[in-house]
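Colleague: Next input, structure requested:
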Amino acid sequence: MNFQPLHKRTLLHTALFIIAVTCSLFANAQGHVVFKGSILMAQSTNAEVSMIVTDGVDTMDVMIGCHGQYNFAVPTNETVSVILTSEEHITKEILLDTHNAPVAKGPFARPENVEFYVQLERQDKNYPMEYDGLAGKIYFTLLGEGVRTLLVPTPQAKNMLASNAIAAKL
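Modeller: Modelled structure (predicted):
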């Protein structure tokens with residue numbers, strides 16, 4: 001095949017463009033950690049549960065399966081909050097910190113998977129309550145040559161919701 005100079009230049013530009021795009025994709029590749037598990041409830045109810053993952057700027061709604069299963073990914077070196085709300089249950093918040101998480105390397109590498117379950121407690125309609133602080137924290141810590149995942153449940157005190165406490169005084 002004998003290419004004209006114009007065709008050679010076009011092929012060269014196309015090849016350089018493809019190389020540049022490929023290099024930028026590999027340079028910006030960021031690892032992530034997959035979190036999965038189930039939402040557990042003491043009494044079997046059909047209450048709709050909402051799971052929101054936020055870093056304070058961006059918010060992501062997580063789809064919850066018919067039996068309470070969930071699955072979502074968080075980029076490494078991020079700290080996010082998972083907020084679970086339901087009309088019939090007390091709202092819970094869990095902090096996820098993916099700093100120090102092992103990063104999958106190579107074309108066939110799998111991301112780190114962390115499985116955790118969340119138990120929701122029933123809300124009393126006469127005396128609505130809220131938790132005092134986080135329900136727990138999940139983070140990664142360096143351990144010798146490896147990394148260990150720590151799931152830390154936090155003891156939670158319950159307080160009456162402020163709006164109901166004020167309404168009760170009136």
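
Colleague: Break the chain into its domains for me.
Modeller: As assigned by automatic domain parsing, the chain contains the domains 1-30, 31-169.

Colleague: Would you single out the least confident of these?
Modeller: For these, the weakest mean pLDDT is recorded on domain 1-30, namely a mean of 59.

Colleague: how about the strands in the protein?
Modeller: If DSSP state E is used as the criterion, the strands of the chain fall at 32-41, 49-54, 59-62, 69-75, 79-86, 89-97, 112-115, 118-120, 129-131, 136-143, 146-153, 158-160.

Colleague: Just send those back as CSV, with distance to residue 105 and mean neighbour count too.
Modeller: Just so you know, the C-beta spots here come from the backbone N, C-alpha and C atoms, and that holds for glycine as well. CSV is the format used below for the strands of the chain (distance: least, CB to CB, whole Å; neighbours: other CB atoms under 10 Å):
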stretch, distance to residue 105, mean neighbour count
strand 32-41, 13, 17
strand 49-54, 25, 17
strand 59-62, 25, 13
strand 69-75, 16, 17
strand 79-86, 23, 18
strand 89-97, 21, 19
strand 112-115, 12, 15
strand 118-120, 31, 18
strand 129-131, 39, 16
strand 136-143, 16, 15
strand 146-153, 14, 12
strand 158-160, 44, 12
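
Colleague: Please dump these into JSON lines; it should also carry distance to residue 103 for every row.
Modeller: Putting the strands of the chain into JSON lines (distance: least, CB to CB, whole Å) gives the following:
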{"stretch": "strand 32-41", "distance to residue 103": "9"}
{"stretch": "strand 49-54", "distance to residue 103": "20"}
{"stretch": "strand 59-62", "distance to residue 103": "21"}
{"stretch": "strand 69-75", "distance to residue 103": "10"}
{"stretch": "strand 79-86", "distance to residue 103": "17"}
{"stretch": "strand 89-97", "distance to residue 103": "15"}
{"stretch": "strand 112-115", "distance to residue 103": "8"}
{"stretch": "strand 118-120", "distance to residue 103": "26"}
{"stretch": "strand 129-131", "distance to residue 103": "33"}
{"stretch": "strand 136-143", "distance to residue 103": "11"}
{"stretch": "strand 146-153", "distance to residue 103": "10"}
{"stretch": "strand 158-160", "distance to residue 103": "39"}
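
Colleague: so residue 79 touches residue 101, yeah?
Modeller: No: using CB atoms under 8 Å as the test, residue 79 is too far from residue 101 to be in contact (11.4 Å).

Colleague: which non-adjacent residue is nearest residue 64?
Modeller: residue 70 (5.2 Å; CB to CB, 6 or more residues apart in numbering).
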